[in-house]
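Student: I'll drop the sequence and a predicted model, then ask my questions.
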Amino acid sequence: MKKTRPARPDVPFDARREIAVQLSDVSFGYDRRRPVLKSIDMTIPRGKVVAIMGGSGCGKTTILRLIGGQLRPQSGKVLVAGQSVPDLDRDGLYALRRRVGMLFQFGALFTDLSVFENVAFPLREHTELPEDMVRDLVLMKLNAVGLRGTAALKPSELSGGMARRVALARATALDPMLVMYDEPFAGLDPISLGVVGQLIRRMNDALGITSVVVTHDVYESLKIVDYLYFVSEGRIVAAGTPDEVRRSQDPFVRQFVDAEPDGPVPFHYAARPLAEELSRVI
């Protein structure tokens, strides 16, 4: 189990593999007094499923936004497929995003569009394919997630798990090189959670893409990912393969994996001693 700033790019995976995403010494804050990320180093090779885990507010989603170009780092490098994302102009960023799929928290389907139209949306937005080809591709993507029969339904007619699977079909509609998942397991029942997890793994391998999964679900992640990064207070505090995580005795990892209330992440917010507070004269 490796702790703090794992070496790049050869330690996490085979150095001979092409690197899909590289973050080097990246720092970011929404203002100078409130840093969110501090000297982050992260390597994500092509074809792998990598999880980013950590407590709420630690900077996980901010990492996705930096990779997607919604935010620019204050320092450091963000490379996607060898391109420096912060240095891309509007046209370059638009072209890169055509190669990146995104599954938002809770799916974020367009409520007024049918399932079919939701999946067709990126195809119509980013390509000039004829309508019969769009139709075939949409039905193939829906079939891959087991929901071809829902094509005419509206998102309001779907269960939470079904909506997440439609969102996965939409995220992969353009056969992207990279798909980012922001809390894909949130709010799902155990059966739907397992189905979505296995779909992420299967579609990653079948399409030869790279997946970055931001999640709190340790148990499901350990079943499907190749590597995990643990983030705390804006820094990578540990990283490893699922087997390394299971064997790890690192206090932060053990607290997170075992869901312990006390550890490196305190249960109590900083306050004066309780006895002192209770003895105060009001």
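Tutor: Structure's in. What do you need?
Student: wait, doesn't Val179 sit right on Ala171?
Tutor: Yes. Counting by CB atoms under 8 Å, Val179 touches Ala171, with 5.4 Å between them. The way it works is simple: take the backbone N, C-alpha and C, and place the C-beta from them, glycine included.
Student: what sits in contact with each of these two?
Tutor: Counting by CB atoms under 8 Å, 6 or more residues apart in numbering, the shared contacts of Val179 and Ala171 are 101-103.
Student: So for Val179 and Ala171, which sits in the more crowded spot?
Tutor: The neighbour comparison of Val179 against Ala171 (other CB atoms under 10 Å) goes to Ala171, with 26 against 23.
Student: OK, contacts around the more buried one?
Tutor: 101-103, 179, 181.
Student: Closest one to Val218 out of the residues you listed, please.
Tutor: Using CB to CB, Tyr181 is the member of the contacts of Ala171 that sits closest to Val218, with 15.2 Å.
Student: Please, which helix or strand holds the closest one?
Tutor: Counting by DSSP states H and E, the element that carries Tyr181 is strand 178-182.
Student: and that strand, what does it pack onto?
Tutor: The contact analysis (3 or more CB pairs under 8 Å, 6 or more residues apart in numbering; DSSP states H and E) places strand 178-182 against helix 60-68, strand 100-103, strand 210-214.
Student: Only alpha carbons, please: show the last one as CSV.
Tutor: This points to strand 210-214. What follows is strand 210-214 as a C-alpha-only set of coordinates in CSV (Å, rounded to 0.1, in the frame of the first residue of the first chain):
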residue,chain,number,x,y,z
THR,A,210,-10.8,4.5,-19.5
SER,A,211,-13.1,5.1,-16.5
VAL,A,212,-12.6,7.5,-13.5
VAL,A,213,-15.1,6.8,-10.8
VAL,A,214,-15.7,9.2,-7.9
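Student: Run through who's touching that strand.
Tutor: For strand 210-214, with CB under 8 Å, 6+ apart as the criterion, the contacting residues are 20-21, 44-53, 60-61, 63-64, 67, 177-184, 200, 204, 221, 225.
Student: where does the stretch 1-150 of the chain have low pLDDT?
Tutor: Low-confidence segments of the stretch 1-150 of the chain (pLDDT under 70): 1-17, 32, 106-107.
Student: So which residues of it form strands?
Tutor: Taking DSSP state E, counting those that start in this stretch as the test, the strands found in the stretch 1-150 of the chain are 19-31, 34-45, 49-54, 75-80, 83-84, 100-103.
Student: which of those strands sits most buried?
Tutor: strand 49-54 (a mean of 25; mean count of other CB atoms under 10 Å).
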